[in-house]
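Engineer: How does the following fold in three dimensions:
(2 chains)
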Amino acid sequence: AQSVTQPDIHITVSEGASLELRCNYSYGATPYLFWYVQSPGQGLQLLLKYFSGDTLVQGIKGFEAEFKRSQSSFNLRKPSVHWSDAAEYFCAGGGLTGANNLFFGTGTRLTVIP
Amino acid sequence: DAGVTQSPTHLIKTRGQQVTLRCSPKSGHDTVSWYQQALGQGPQFIFQYYEEEERQRGNFPDRFSGHQFPNYSSELNVNALLLGDSALYLCASSFFETTETQYFGPGTRLLVL
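Structural biologist: A predicted model of the protein is given here:
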């Protein structure tokens, strides 16, 4: 079965420090992978997505993610975290078009300390 | 251009009751998907509607049903509510046949007492 796993439930970083959130996937075919962010009381906002091609994907808000097939990973990174980045982050897998549903990891809660 | 909207924002029901949640997709989108997000969990896919038909369904019982209207808006109905149905219900809209990503609404938080 297709699935994504986020090993870290909660991560705390200092403002200005670098960030890496982990995501591992299990797929039978070409994976289509996404990172979403959810602020308290809000819906999900897409940060970036990977369909094919360049394995380093740039997203909004200064985020990037790298697809590594050999490690079955799609980790999210940011070189310098801002206090406003505190939120819940979800890795998701899905199909190529809007006809395909998304399946989500359990999320990683990011706390940013001054 | 309005994004995905959902109503109501919050809802409290008692066990055994029925509830209807509503979703209006992003302008132009023709597909609506519903997700359930329990506290501390990632969203779980319930079902998807396109051309007023249920196209896909996740692992949810028949108590969960839906509908899509000609204007592409959608309803999620849950019958015989259980305590475990308490969750944030998210609606997402998209184009059925393009690679454009699903856009999510703010959700409806349902509490079953």
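Engineer: drop to CA atoms for contacts and neighbour counts, all remaining ones
Structural biologist: OK.
Engineer: List the contacts of the most centrally placed residue in chain B.
Structural biologist: Residue closest to the mean C-alpha point of chain B, counted by CA atoms, centre = their mean, is residue B:34 at 3.2 Å. Contacts of residue B:34 were listed using CA atoms under 8 Å, 6 or more residues apart in numbering or on different chains, and they are B:45-48, B:76, B:89-92.
Engineer: ok, the residues you listed vs residue A:114, which is closest?
Structural biologist: The closest of those to residue A:114 turns out to be residue B:90 (CA to CA; 32.0 Å).
Engineer: Verify the assumption that the closest one is located in a helix.
Structural biologist: No: going by DSSP: H, G, I helix; E, B strand; the rest coil, the assignment for residue B:90 is strand, not a helix.
Engineer: Could you report the neighbour count for residue A:20?
Structural biologist: Burial measure for residue A:20: 15 neighbouring residues, criterion other CA atoms under 10 Å in any protein chain shown.
Engineer: Run through the residues that contact it.
Structural biologist: A:75-78.
Engineer: Assign it to helix, strand or coil.
Structural biologist: strand.
Engineer: Any idea what it is bridged to?
Structural biologist: Note on residue A:20: beta-bridge partners by DSSP bridges are residue A:77.
Engineer: Enumerate the residues of chain B near chain A.
Structural biologist: Contact residues (CA under 8 Å from any CA of the partner chain) of chain B with chain A: B:31, B:33, B:40-45, B:48, B:56, B:90, B:94-107.
Engineer: Tally up the residues packed near the closest residue to residue A:68 other than its chain neighbours, please.
Structural biologist: With CA to CA, 6 or more residues apart in numbering or on different chains as the criterion, residue A:68 has its nearest non-adjacent residue at 6.4 Å, and that residue is residue A:74. Residue A:74: 28 surrounding residues under other CA under 10 Å.
Engineer: again, but for residue A:71
Structural biologist: Residue A:71 is flanked by 9 other residues according to other CA under 10 Å.
Engineer: How many residues are close by the residue lying closest to it once chain neighbours are set aside?
Structural biologist: The spatial neighbour of residue A:71 that comes closest, neighbours along the chain excluded (CA to CA, 6+ apart), is residue A:24 at 7.9 Å. By other CA under 10 Å, 21 other residues sit near residue A:24.
Engineer: What residues are bridge-paired with residue A:24?
Structural biologist: Here residue A:24, judged by DSSP bridges, has bridge partners residue A:5, residue A:73.
Engineer: ok so, going back, could you check how far the residue nearest to residue A:68 is from chain B?
Structural biologist: Distance, residue A:74 to chain B, using CA to the nearest CA, to the nearest Å: 17 Å.
Engineer: Tell me which residues touch that residue, please.
Structural biologist: A:22-25, A:33, A:65-68.
Engineer: Generate TSV for those, with pLDDT as supplementary columns.
Structural biologist: Formatted as TSV, the contacts of residue A:74 follow (pLDDT from 0 to 100):
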residue	pLDDT
A:22	98
A:23	97
A:24	95
A:25	92
A:33	92
A:65	97
A:66	95
A:67	93
A:68	92
